[in-house]
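> give me a model of this one.
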Amino acid sequence: MINIFVVFLLTFIPLTLEVSVLDPYNYDAYGTRIASNDYFVVLAQNDLSRYSIIMAPFGTPFTCNYGYGSVDDFVMNVAVGRRQNSTQMSFVYLRTNSSTGTYQKLGVFTFSQMRNTEEPAAMCDKILGSNNGEYEVKVWNNTLSEMSTLQMNRAGTYAYGFLSNGIFIFDVENKSVQDISWEDILPSIYFEPHALDVSETSDGIPIALVAGYYQYDANKALPILYLIRLNPPSTMMVIKSYTLMTDDRVKFTRSNFAFTYQFNYAMSVSIHDSTQQVLVGVSQSSATYLFSFNSTNLQLIKTFNQPARSISWIDNEGIQAALLLANVPTLPWTQSRVLMINTSSTDIISAYPNNQQTFEQWTDLPPTFNRLATTFDNKLMVQASDGTVLLIHSADAGYFIKTNDIYSASFFPEICPAGTYKSITGPTPCQVCPTNTKSSPTNITNSSMPTIMCAACLNDSFCPLGSVNDVNLSTIISSSQAYAYPTSPSSTSFDDILIENVFSIQTTPVRCILLSPFFWALITLFLGFIILIIMGIFYYSPTKKKHLKRLQYIFRQTDLIGNGELWFGGLVSFAIVVLVIFSFWFGSVFIKLYPIETSNDADFACDASLRNAQFSSGLQLLSTIKSDKEKPIFDLLEAQNFTLQINFVQTGFLCQDIRLQNNFGSYAVDFLPTTCLLQSDNATLTVSIDMPYHLMDIQLNLTGEYYIGGVFICLTGANSTTNDSVYTVQELKFCQLFSTSEQTLGQTTKISFILTKVINRTDVLDYSGSGYYSGRWIPTTTYELLNDALAYKQQGNYLRYLATQQILKISFSETQFYVINEQQPIVRTNEMLFHGILFTTTIIGLFALAFVIIRLSLLPLMKWMMERKVHRLQFWRKKTKEAIVNKTML
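Take a look at the predicted model:
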């Protein structure tokens with residue numbers, strides 16, 4: 001039994017190994033299995049054992065499939081002349097046996113074309129004629145070439161093959177093959193060809209540009225490009241070589257990788273015939289080189305830092321080219337990326353696929369792209385690893401078009417998405433409108449009109465990059481209730497305030513003079529001075545003595561200073577009465593200026609902002625135990641319902657494009673918005689959410705090819721009261737615009753709302769109540785970068801068009817402290833009365849002190865001066881009298 005099992009293994013295992021020599025599902029190894037010219041595209045499909053011919057303009061009606069001669073055939077390369085004429089319905093192939101790979105066959109395949117009256121273009125004949133099909137030209141019975149390249153000249157008259165085992169020239173018309181040894185053109189150099197292209201110089205000399213690796217030493221290899229002059233049908237010679245270096249540095253490669261098929265070591269050569277330029281891609285070196293050439297020289301123009309494994313020119317001017325980056329994912333579509341670049345400026349024009357030029361997935365996993373090719377009119381073809389070929393169509397100005405495989409009918413063009421435009425015809429996506437422009441005309445008459453050029457926005461519009469329509473700035477005004485709590489006045493003593501308002505006179509404005517009690521006290525003193533003068537006149541008038549005594553009696557009765565001793569004190573006492581009356585009146589009005597929320601301006605004082613309030617603010621930890629008086633206001637704040645309104649301004653997204661989720665750590669729960677509507681400006685999408693609780697982590701996913709100019713977020717909550725308005729939660733209304741004028745919002749925007757409780761405690765004027773409490777939530781926002789400008793600057797603006805989804809994350813958290821603001825009156829009713837009495841006694845005392853000073857110092861001084869003056873007057877009178885007597889005696 002054991003012997004039978006051993007025999008079975010020995011028999012089965014070799015068969016298994018033999019069958020797996022060449023993988024028919026590998027569309028990349030050993031050569032190129034796609035080629036095209038002005039009339040058709042040929043695909044060698046080893047997994048289906050057939051050639052597939054797709055005639056222009058492509059699609060199923062223009063497709064013919066021709067089976068291989070044997071199911072064991074494995075085609076390594078196919079090639080056509082880029083400028084074959086309409087009578088040359090043929091291509092050259094190089095194939096082997098998939099089981100053994102012990103030979104290589106060169107041949108030409110011909111087919112016929114036919115006219116269908118129902119189709120405008122020529123079609124291939126699905127049935128091969130007697131003179132059609134495969135025609136084998138030569139067989140090489142040697143080891144399979146690890147590397148093989150095959151290319152035809154532009155006219156399709158000669159085919160050139162550069163293989164690991166040797167070189168050949170195939171004269172298509174004469175069906176003859178000339179073998180050439182590598183030693184004949186590269187003596188003493190071991191070289192493995194990886195890529196080939198054939199053209200002619202401007203002076204008509206046929207040339208080939210061959211890229212590959214040459215042996216530097218036993219373990220190292222270097223990438224190199226050879227310019228070879230072709231002398232068909234028999235000879236060729238190397239004219240120039242260029243070692244492909246990166247940043248003027250030699251980058252070696254391990255020989256065992258460079259001299260065998262490795263996906264990441266692919267190279268590509270693409271010649272632009274009219275401009276005599278060639279692009280060379282070296283994926284392993286992460287570099288692509290642009291050369292110019294002629295019949296005698298090869299000149300490096302510039303180097304692109306792009307790891308292109310396949311390259312193709314896509315215009316007639318030699319400016320635009322496509323680079324295939326096989327290992328750069330463009331998710332969710334592919335594991336690869338195609339870049340359209342401007343070779344004159346190194347700018348990246350666009351990338352494929354993108355959010356406009358997408359394709360229907362045909363596999364569970366995103367495919368990998370292997371190779372590029374172009375059609376007769378520079379349409380780009382992309383071959384995937386499973387052999388599927390995608391055709392990137394050109395679209396008119398104002399339109400874009402999705403891509404499909406080359407067998408399927410093309411999609412209908414679609415109008416550029418809102419906020420974008422396209423001014424030229426080509427295979428590129430629509431671009432966002434510049435700042436201060438919009439995609440919608442000022443007078444919209446037909447929303448289905450394509451946007452070829454963006455229109456200017458109105459001056460009062462919010463119009464950032466990618467704008468859709470005019471959005472008036474007045475509709476997106478930010479608002480906040482985070483007002484600074486008032487600070488206490490410089491003087492919180494009622495005595496100081498009273499004295500300052502009684503004894504100060506400000507000359508400006510005029511009302512301050514009229515409101516000054518000291519001014520009216522001076523007026524009273526001035527009137528008293530006038531009365532004093534009148535009394536002086538009465539003093540020297542004998543007939544007025546009676547009136548004088550009556551006035552003196554009256555003023556002695558009003559004397560508050562000398563207790564009725566001085567009639568003069570009675571005159572001054574009227575000024576005292578004015579000041580005292582004002583002080584009590586000031587106190588009675590000032591006490592009503594509390595609290596500040598309900599008080600009016602202080603019209604009775606020069607400073608209208610005067611209030612009977614002093615303030616203090618502080619921070620308290622939320623974890624502190626709340627008193628029974630404080631707890632209800634905290635409960636009310638926690639119970640306040642929030643409504644979150646999110647306005648996506650300048651966007652083309654609609655309600656059906658939005659999905660909402662609430663993130664809980666590592667998982668999320670989807671939910672629906674309360675309301676969602678597109679505003680009348682057709683550029684603002686409003687989403688409202690009634691938040692079930694305060695601390696949420698909300699994520700909005702907007703799927704589509706649109707952009708967002710800015711997001712205007714409002715957080716609102718209704719007011720509420722309890723206990724006869726002892727506890728009041730104030731209305732919450734916070735709005736803020738998040739945008740940058742020169743950019744659209746980033747693909748992922750994170751905005752954090754940090755909520756802080758603010759508690760206001762207001763004491764009452766008397767001591768019988770416990771005061772009032774009011775509370776409010778104060779949101780503050782933080783955010784990361786609002787746009788991806790840095791990424792666009794470093795990597796290219798094309799990244800903007802790769803996003804399939806815009807994500808807005810809004811998270812809510814609460815600070816671990818709260819703000820406590822306290823408002824207290826500077827003076828209460830009883831205190832005011834007491835301080836008024838004190839002020840009255842103070843004024844009387846001040847005036848009494850002034851009188852004492854006058855009586856003890858000024859009056860004696862004046863009396864002395866008067867007596868001195870009288871004495872001197874008497875002295876001079878005596879002297880004068882004596883002089884007169886003496887004169888008389890003489």
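> drop to CA atoms for contacts and neighbour counts, all remaining ones
OK.
> next, residue 872: phi, psi?
phi -70, psi -40 (degrees, to the nearest 10).
> how close does it sit to residue 878?
Look at residue 872 and residue 878: by CA to CA, to the nearest Å, they are 10 Å apart.
> same deal with residue 783?
Distance from residue 783 to residue 878, counting by CA to CA: 103 Å.
> can you check residue 287 too?
With distances taken as CA to CA, residue 287 is found 130 Å from residue 878.
> so these two - more neighbours on which side?
More crowded of residue 287 and residue 878, by other CA atoms under 10 Å: residue 287, with 20 against 12.
> the more buried one is in contact with residue 309, isn't it?
No: shown here, residue 287 and residue 309 do not form a contact pair, counting by CA atoms under 8 Å, at 9.6 Å.
> which residues are common contacts for the two?
residue 281 (CA atoms under 8 Å, 6 or more residues apart in numbering).
> can you give me the strands for the stretch 301-450 of the chain?
Counting by DSSP state E, counting those that start in this stretch, the stretch 301-450 of the chain has strands at residues 310-313, 320-325, 337-342, 348-352, 369-374, 380-384, 389-392, 399-400, 404-405, 414-415, 420-421, 431-432, 437-438.
> list the contacts of the last one.
So that's strand 437-438. With CA under 8 Å, 6+ apart as the test, strand 437-438 has contacts from 419, 454-457, 463-470.
> can you do 10 Å?
Strand 437-438 is contacted by residues 418-421, 432, 451, 453-458, 461, 463-470, 650 when judged by CA atoms under 10 Å, 6 or more residues apart in numbering.
> okay, now residue 686: neighbour count?
Residue 686: 20 surrounding residues under other CA under 10 Å.
> so what pairs up with the closest residue in space to it that isn't next to it in sequence in the strands?
Take residue 686 and drop its neighbours on the chain: the residue closest to it by CA to CA, 6 or more residues apart in numbering is residue 647, 4.4 Å away. Residue 647 has these beta-bridge partners by DSSP bridges: residue 686, residue 712.
> contacts only, for residue 647.
The neighbours of residue 647, taking CA under 10 Å, 6+ apart as the test, are 476, 676-679, 683-688, 710-714, 737.
> now a ChimeraX select for only the buried ones of those.
The ChimeraX selection below is limited to those of these classed as buried (16 or more other CA atoms under 10 Å):
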select :476,676,678,683,684,685,686,687,688,710,711,712,713,714,737
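> after the strand ranked longest in the chain, which helix or strand is next?
When the chain is parsed with DSSP state E, its longest strand is strand 805-824. Tracing the chain past strand 805-824, the next element assigned as helix or strand by DSSP states H and E is helix 829-853.
> start to end distance for stretch 257-265?
From the first residue to the last, stretch 257-265 extends over 7 Å; the measure is CA to CA.
> what average pLDDT does stretch 474-491 get?
For stretch 474-491, the mean per-residue pLDDT is 89.
> for it, buried residues please.
476, 488, 489.
> can you name the next helix or strand after the helix or strand hosting residue 779?
Using DSSP H and E, residue 779 falls within strand 772-783. As assigned by DSSP H and E, the chain's next helix or strand after strand 772-783 is helix 789-795.
> what does that following helix contact?
347, 348, 742, 743, 744, 745, 746, 796, 797, 798, 799, 800.
> go ahead and flag the most central residue of this protein.
Central residue of the chain (CA atoms, centre = their mean): residue 787, 1.3 Å from the mean position.
> what residues are up against that one?
Listed by CA under 10 Å, 6+ apart, the contact partners of residue 787 are 709, 710, 739, 740, 742, 743, 744, 745, 746, 747, 748, 749.
> next up, the contacts around the second one.
If I follow you right, that is residue 710. 462-465, 467, 647-651, 684, 737-741, 743-746, 786-787.
> cool, the fourth one as well?
By CA under 10 Å, 6+ apart, the residues touching residue 740 are 464, 465, 709, 710, 785, 786, 787.
> can you select the buried ones from those residues in ChimeraX?
Buried residues among those (16+ other CA under 10 Å), as a ChimeraX selection:
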select :464,465,709,710,786,787
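> let me have the contacts of residue 740 in TSV, extended by pLDDT.
Shown next, in TSV, are those (pLDDT from 0 to 100):
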residue	pLDDT
464	94
465	94
709	95
710	96
785	87
786	92
787	93
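> just put the contacts of residue 740 in a markdown table and tack on distance to residue 260.
Shown next, in a markdown table, are the contacts of residue 740 (distance: CA to CA, whole Å):
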| residue | distance to residue 260 |
| --- | --- |
| 464 | 53 |
| 465 | 50 |
| 709 | 51 |
| 710 | 53 |
| 785 | 46 |
| 786 | 48 |
| 787 | 45 |
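> just give me the closest of the contacts of residue 740 to residue 604.
Nearest to residue 604 among the contacts of residue 740, counting by CA to CA, is residue 710 at 50.0 Å.
> low pLDDT regions in this protein?
The model of the chain has pLDDT under 70 over residues 1-20, 116-120, 246-250, 442-447, 548, 559-571, 769, 854-855, 858-859, 890.
> follow-up on the earlier one: show me the contacts of helix 789-795 that map onto strands.
If you go by DSSP E, the contacts of helix 789-795 have residue 348 in strands.
> greatest separation within the contacts of helix 789-795: which pair is it?
The widest separation within these (CA to CA) is 22.8 Å, between 347 and 745.
> now do the longest strand of the chain: distance to the chain's middle.
Relative to its chain's centre, strand 805-824 lies at 23 Å (CA atoms, centre = their mean, to the nearest Å).
> same check on stretch 187-196?
From the chain centre to the centre of stretch 187-196 is a distance of 49 Å (CA atoms, centre = their mean).
> ok, and for it, which residues are buried?
Within stretch 187-196, the residues that count as buried by 16+ other CA under 10 Å are 191, 192, 193, 194, 195, 196.
> kindly report the same for stretch 432-452.
For stretch 432-452, by 16+ other CA under 10 Å, it's 432-441, 450-452.
> CA atoms only: put it into PDB for me.
Provided in PDB are the C-alpha atoms of stretch 432-452 (Å, rounded to 0.1, in the frame of the first residue of the first chain):
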ATOM      1  CA  VAL A 432     -13.100  73.500  -8.500                       C
ATOM      2  CA  CYS A 433     -14.000  77.100  -9.200                       C
ATOM      3  CA  PRO A 434     -11.400  79.700  -8.000                       C
ATOM      4  CA  THR A 435     -12.100  81.900  -5.000                       C
ATOM      5  CA  ASN A 436     -14.700  84.600  -5.600                       C
ATOM      6  CA  THR A 437     -16.300  82.700  -8.400                       C
ATOM      7  CA  LYS A 438     -19.200  80.300  -8.600                       C
ATOM      8  CA  SER A 439     -20.300  77.500 -10.900                       C
ATOM      9  CA  SER A 440     -23.900  78.800 -11.200                       C
ATOM     10  CA  PRO A 441     -24.500  81.800 -13.500                       C
ATOM     11  CA  THR A 442     -25.900  85.000 -11.800                       C
ATOM     12  CA  ASN A 443     -29.300  84.500 -13.500                       C
ATOM     13  CA  ILE A 444     -30.000  80.800 -13.400                       C
ATOM     14  CA  THR A 445     -32.300  79.800 -16.200                       C
ATOM     15  CA  ASN A 446     -31.300  76.200 -16.800                       C
ATOM     16  CA  SER A 447     -29.700  74.200 -14.000                       C
ATOM     17  CA  SER A 448     -28.600  71.500 -16.500                       C
ATOM     18  CA  MET A 449     -26.300  73.800 -18.400                       C
ATOM     19  CA  PRO A 450     -22.600  72.700 -18.200                       C
ATOM     20  CA  THR A 451     -20.100  75.000 -16.400                       C
ATOM     21  CA  ILE A 452     -17.400  75.900 -18.900                       C
END
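> just give me how far that stretch sits from the chain centre.
22 Å.
> neighbours of the residue lying closest to residue 23 once chain neighbours are set aside, how many?
With sequence-adjacent residues excluded and distances taken as CA to CA, 6+ apart, residue 23 is closest to residue 98, at 7.3 Å. By other CA under 10 Å, 20 other residues sit near residue 98.
> all good on my end, thank you.
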